[in-house]
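Q: Could you work out the structure for the sequence below:
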Amino acid sequence: MKISRLNAIEEYVLSKKTVSIDDLCEVFSVSKNTIRRDLNELEARGHIAKVYGGVTAVTPEDVMPLPVRSGLNPAAKDLIGKLAARELSDGDTIFIDSGSTAVNVLRHLPPRIKLTVVTHSLPAMVEAAKYDGINLISLGGAFNPATSSFVGIFAQQALSDLRITKAFLCATGVTVESGMSNTTFLEAEIKRGVVSHASSVILVADSSKLGHDATVTFCRLQDISTFVTDQKPAPKFVEFCRAHNIRLVWE
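A: Below is the predicted model:
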């Protein structure tokens, strides 16, 4: 029970960015002494830090362990996966990114669809393996526990021999000026390689990512063909997509 509470508190803080101790006591129905002990343990994990009167997130989402990232905005990510799956056609060769949103595309596949799925994401491999109609191709490389994916030179070399019909890519930050970015250099290299080998790039990102820049830019926004999100973006994103003939999908 304590572990479940610790995980829930961590997810809550990471989703809210900064939270007071009073708020945590109210949300989780525990005393201040209990919350302080919990925060001491959580701070040792390295994703949050205590500040005066509360706690704040210190780890960029893209390098949080995948189970933590998956717990952020789950309804929005599931909706995006459902909407993005409608972009698929029989016979497509698709790439599924290691982001916590992209794997949701595989959870909403149309019945009996025939696809080739290329991925370096371990959770995506596990999900894709559930379907009879999927030809699964995994990229090699060194396993990164933080992203639950395989990265490095072997993964990049494997991409050079592949032609991808549709690439479903995630991002830590999305801006009109800088495009799509994340905080992990090795992941960014994989994403760049995918963009160069994909006929169509589909951005799958919830509204919390918009208007923020991360460390490494890997794709200009004008180079995508479709943007799938959970709600209507700010006017400048809508205008940019219209001006660059980018399909904007939300519900």
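
Q: So for the host helix or strand of Ser200, what gets flagged as buried?
A: Ser200 is part of strand 198-204, with elements assigned from DSSP states H and E. Buried residues in strand 198-204, counted by 16 or more other CB atoms under 10 Å: 198, 200-204. For the C-beta atoms, the positions are set from N, CA and C on the backbone; glycine is no exception.

Q: got the residues you listed as TSV, with pLDDT columns?
A: Shown next, in TSV, are those (pLDDT from 0 to 100):
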residue	pLDDT
Ala198	96
Ser200	97
Val201	98
Ile202	98
Leu203	98
Val204	97
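
Q: and of those residues, the nearest to Ser178?
A: Set against Ser178, the nearest of these by CB to CB is Leu203 (13.4 Å).

Q: hang on, isn't the closest one packed against Lys166?
A: No. Taking CB atoms under 8 Å as the definition, Leu203 is not a contact partner of Lys166, at 11.5 Å.

Q: what's the spacing between the closest residue to His108 other than its chain neighbours and Phe237?
A: What sits nearest to His108 in space, not counting adjacent residues and going by CB to CB, 6 or more residues apart in numbering, is Ala85, at 3.9 Å. Distance of Ala85 to Phe237, given as CB to CB, to the nearest Å: 22 Å.

Q: ok, those two, which is more surrounded?
A: Taking other CB atoms under 10 Å, Ala85 and Phe237 do not tie; Phe237 has more neighbours (21 against 18).

Q: Name the helix or strand for the more buried one, please.
A: Assigned by DSSP H and E, Phe237 belongs to helix 235-243.

Q: Would you map the helices across the stretch 51-200 of the chain?
A: Secondary structure of the stretch 51-200 of the chain, counting by DSSP state H, counting those that start in this stretch: helices at 66-70, 74-85, 103-106, 122-128, 153-159, 185-197.

Q: want to try JSON lines for these, with distance to Leu115 and mean pLDDT as columns?
A: Converted to JSON lines, the helices of the stretch 51-200 of the chain look like this (distance: least, CB to CB, whole Å; pLDDT from 0 to 100):
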{"stretch": "helix 66-70", "distance to Leu115": "22", "mean pLDDT": "53"}
{"stretch": "helix 74-85", "distance to Leu115": "11", "mean pLDDT": "94"}
{"stretch": "helix 103-106", "distance to Leu115": "9", "mean pLDDT": "96"}
{"stretch": "helix 122-128", "distance to Leu115": "8", "mean pLDDT": "95"}
{"stretch": "helix 153-159", "distance to Leu115": "18", "mean pLDDT": "85"}
{"stretch": "helix 185-197", "distance to Leu115": "16", "mean pLDDT": "88"}
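
Q: so which of those is the most packed in?
A: Scoring the helices of the stretch 51-200 of the chain by mean neighbour count under mean count of other CB atoms under 10 Å gives helix 103-106 as the most buried, with a mean of 27.

Q: helices and strands around that one, which ones?
A: Applying 3 or more CB pairs under 8 Å, 6 or more residues apart in numbering; DSSP states H and E, one finds that helix 103-106 makes contact with helix 74-85, strand 93-96, helix 122-128.

Q: want to throw the ones you listed into a markdown table with distance to Thr116?
A: Shown next, in a markdown table, are those (distance: least, CB to CB, whole Å):
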| stretch | distance to Thr116 |
| --- | --- |
| helix 74-85 | 15 |
| strand 93-96 | 4 |
| helix 122-128 | 10 |
